[in-house]
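K.L.:
Need coordinates for the below:
(one chain, ligands or ions: 2)
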Amino acid sequence: MTPPAATGAAPGRAAIIGAGVIGAGWAARFALNGWDVAVHDPSPNAPRAIARCMENARAAWGALFDAPLPPEGRVVFARSTAEAVEGADYVQESVSESLDLKRRIFADIQAAAPDAPLGSSTSGFTPSDLQRGARAPGSILVAHPFNPVYLLPLVETVGSAQTDPALMDAAEEILRGLGMFPLRLRKEIDAHIADRLLEAVWREALWLVRDGVATTEEIDEAIRLGFGLRWAQMGLFETYRIAGGEAGMRHFLAQFGPCLALPWTRLTDVPPFDERLVELIAAQSDAQSGRWTIAELERIRDSNLTAFLRALRRADWGAGKLVAAHEGRMRAVAAADRFRVPAGENGAPDPGWPLAIAAKALRAALAGWDDAPAERWTATQSLVEQNRAPRPAALVTARCRLEPQSGEALQAIVAIVDEDGPLARVEQTLVRERS
Ligand SMILES: NC(=O)C1=CN([C@@H]2O[C@H](COP(=O)(O)OP(=O)(O)OC[C@H]3O[C@@H](n4cnc5c(N)ncnc54)[C@H](O)[C@@H]3O)[C@@H](O)[C@H]2O)C=CC1
Ligand SMILES: C[N+](C)(C)CC(=O)CC(=O)[O-]
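P.N.:
Ligands and ions are numbered 1, 2, ... in the order given. Sure, this is the predicted structure:
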């Protein structure tokens, strides 16, 4: 039996190892794209972090997209790394930024799932750093996301000479299916592309605070009222091309190139990271933003980001193009899986509507599976969950996922949703009839 491919837009099963700020964001992005997610993180705070992130992500996606979202995947907690990665189509590691810890986790992951693409969220380690001593170095790549992972589309992908190129392509296909933009680095380098830029700005900001030139709030105003707005839509080089006037980049370089010799750009050393600096920044940050909780700041950030992304989509520009493309993909998938709720007596939905729709969705899924026509399978259906009734005769979306079991058996999971969210979930066990 050949299982249906789990690449591209087709949801599969993801394992998330480490469920802090970034792991929780990955779990939300996968689940909102219909992937089932198994999470492992020994911290007692992890379930709360995931629940809060899922709530934020659902709200943000509801506000961002005008298409029906795919049926949400199931998020479960695993007791160990091995349990989480078993049967995973993709593994994303998001544990704390320690090379030793990451290597130990990779050993556990690859003992259980050596062939699954293993993306690391590392902000700075190279794939060669991560692969050293690994059992299956070819399966390891850097997949560096940006916070909040469920809203920002960029993911920097980095392989080394040891990374399997086909696996790298497959991993990027999965990331594209999540609505992300994999930016593949031409060569590995510490801190990739974006974090090198961010660290340079961060280093200068720390000097400015330390030397009493500006407070944290003044530095943030300098960014968000000025060049930050430009960067979100045109980046650095396109912005400076315009700043050169009609003569463009050449004039810009002629005017500002010589400034490279001025003291503007000489500060390459980092300020001493001591208790005084920590206190200064933490106290100024409290004065600047302490009136909001982190949860409130997350909601403000997400609602602003959603508004930017919607504006950029209207302009068909930058990150807005990706939002439009992902929405188009969601519409196409939803349209292919639309079924009408059967009517019963008095115009109400037939009481057996979830099972009837699940049976149709199953036939459609099996039809794409050449060696297994629907008649050759005996199915046992069970309604696992029914959230509410749809409108009579409404068109709903039913997505069927087939999971091969041992021998000649299949598990089919059908999620039925309408535009207001989940309606029902039906599981079916199928056994192939011997001819
Ligand atoms: N916070 C950020 O802005 C970004 C962070 N990253 C990267 O993502 C990774 C994670 O960072 P954060 O989420 O910020 O850190 P975090 O501190 O919020 O979360 C790390 C999580 O790893 C868990 N962990 C530790 N040991 C573990 C183990 N043995 N097995 C499973 N889980 C374990 C911890 O319990 C914690 O929940 C790091 O590599 C970081 O560089 C990448 C992009 C942005
Ligand atoms: C500060 N940081 C290095 C962890 C930042 C990142 O890695 C990316 C981001 O989201 O800014």
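
K.L.:
switch to C-alpha atoms for all contacts and neighbour counts from now on
P.N.:
Noted.

K.L.:
List the contacts of the residue in the stretch 101-250 of the chain that ligand 2 sits nearest to.
P.N.:
Here the stretch 101-250 of the chain gets closest to ligand 2 at one residue, Phe146, 3.4 Å apart by CA to the nearest ligand atom. Phe146 makes contact with 152-155 under the criterion CA atoms under 8 Å, 6 or more residues apart in numbering.

K.L.:
That one and Val426, how far apart?
P.N.:
35 Å (CA to CA, to the nearest Å).

K.L.:
on that earlier part again, please, which helix or strand holds the residue of the stretch 101-250 of the chain closest to ligand 2?
P.N.:
In the assignment (DSSP states H and E), Phe146 maps to no helix and no strand.

K.L.:
Could you measure from Arg104 over to Ala171?
P.N.:
From Arg104 to Ala171 the distance is 22 Å (CA to CA).

K.L.:
Count the neighbours of the residue lying closest to Asp418 once chain neighbours are set aside for me.
P.N.:
In space, and not counting its chain neighbours, Asp418 is closest to Val396: 4.9 Å by CA to CA, 6 or more residues apart in numbering. Residues near Val396, counting by other CA atoms under 10 Å, number 22.

K.L.:
Hmm, Val396 is touching Arg340, no?
P.N.:
Yes - here Val396 reaches Arg340: they are 6.2 Å apart, a contact under CA atoms under 8 Å.

K.L.:
neighbouring contacts of the longest helix seen in the chain?
P.N.:
The longest helix of the chain (DSSP state H) is helix 294-314. Applying CA under 8 Å, 6+ apart, the external contacts of helix 294-314 come out as 56, 60, 63-64, 151, 233, 318-321, 323-324.

K.L.:
Now do the buried residues in it.
P.N.:
299, 302-303, 305-306, 308-310, 312-313 (16 or more other CA atoms under 10 Å).

K.L.:
and what of stretch 238-252?
P.N.:
Those would be 239-241, 244, 249, 251-252, for stretch 238-252 by 16+ other CA under 10 Å.

K.L.:
Just the buried ones from the contacts of helix 294-314?
P.N.:
By 16+ other CA under 10 Å, these give 56, 60, 64, 151, 233, 319-321, 323-324 as buried.

K.L.:
Of those, just say which sits nearest to ligand 1.
P.N.:
Leu151 (12.6 Å).

K.L.:
picking up where we left off before, the residue nearest to Asp418 in helix, strand or coil?
P.N.:
strand (DSSP: H, G, I helix; E, B strand; the rest coil).

K.L.:
list the contacts for it?
P.N.:
Contact analysis of Val396 by CA under 8 Å, 6+ apart lists 338-341, 416-419.

K.L.:
got it, and Phe339?
P.N.:
Contact partners of Phe339, counting by CA under 8 Å, 6+ apart, are 357, 395-398.

K.L.:
Looking at the residues you listed, spot the one nearest Leu208.
P.N.:
Distance to Leu208 across these (CA to CA) is lowest for Thr397, with 54.4 Å.

K.L.:
my read: the closest one touches Ala332, true?
P.N.:
No - between Thr397 and Ala332 there is no contact under CA under 8 Å: 11.4 Å.

K.L.:
okay, these two: which has more neighbours?
P.N.:
Comparing Thr397 with Ala332 by neighbour count (other CA under 10 Å), the higher total belongs to Thr397, at 29 against 12.

K.L.:
isn't there a strand covering Thr378?
P.N.:
Yes - according to three-state DSSP, the state of Thr378 is that of a strand.

K.L.:
which residues does it contact?
P.N.:
Thr378 neighbours (CA under 8 Å, 6+ apart): 430-433.

K.L.:
Report the separation between it and Pro271.
P.N.:
Look at Thr378 and Pro271: by CA to CA, they are 69 Å apart.

K.L.:
Over to Pro70?
P.N.:
Separation of Pro70 from Pro271 (CA to CA): 48 Å.

K.L.:
before we move on, the earlier item: PyMOL command to pick out the buried ones of the contacts of Thr378?
P.N.:
To isolate the buried members of the contacts of Thr378 in PyMOL, using 16+ other CA under 10 Å:
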select buried, resi 430+431+432
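
K.L.:
Among the contacts of Thr378, name the ones in strands.
P.N.:
Applying DSSP state E to these, the entries found in strands are 430-432.

K.L.:
filter these down to the ones close to ligand 2.
P.N.:
Among the ones in strands among the contacts of Thr378, proximity to ligand 2 is found for none (CA under 6 Å from any ligand atom).

K.L.:
What ranges in the chain fall below the confidence cut-off?
P.N.:
The chain contains residues with pLDDT under 70 at 1-10, 266, 367-375, 406-407, 434-435.

K.L.:
Point out the residues in it that sit beside ligand 2.
P.N.:
123, 146-147, 195.

K.L.:
again, 5 Å this time
P.N.:
Residues of the chain lying near ligand 2 by CA under 5 Å from any ligand atom: 123, 146-147.

K.L.:
Just the closest residue of the stretch 301-435 of the chain to ligand 1, please.
P.N.:
Nearest to ligand 1 in the stretch 301-435 of the chain, going by CA to the nearest ligand atom, is Arg301, at a distance of 13.7 Å.

K.L.:
what is the closest residue in space to Leu185 that isn't next to it in sequence paired to in the beta sheet?
P.N.:
The shortest distance from Leu185 to any non-neighbouring residue, by CA to CA, 6+ apart, is to Val158 (5.4 Å). On the basis of DSSP bridges, Val158 takes part in beta bridges with Val142.

K.L.:
Is Ala393 in a helix, a strand, or coil?
P.N.:
Once three-state DSSP is applied, Ala393 turns out coil.

K.L.:
what about it, how many neighbours?
P.N.:
Ala393 sits with 17 neighbouring residues when counted by other CA under 10 Å.

K.L.:
Quick check, Pro148 in contact with Ala24.
P.N.:
No - proximity of Pro148 to Ala24 does not meet the contact threshold set by CA under 8 Å, at 9.4 Å.
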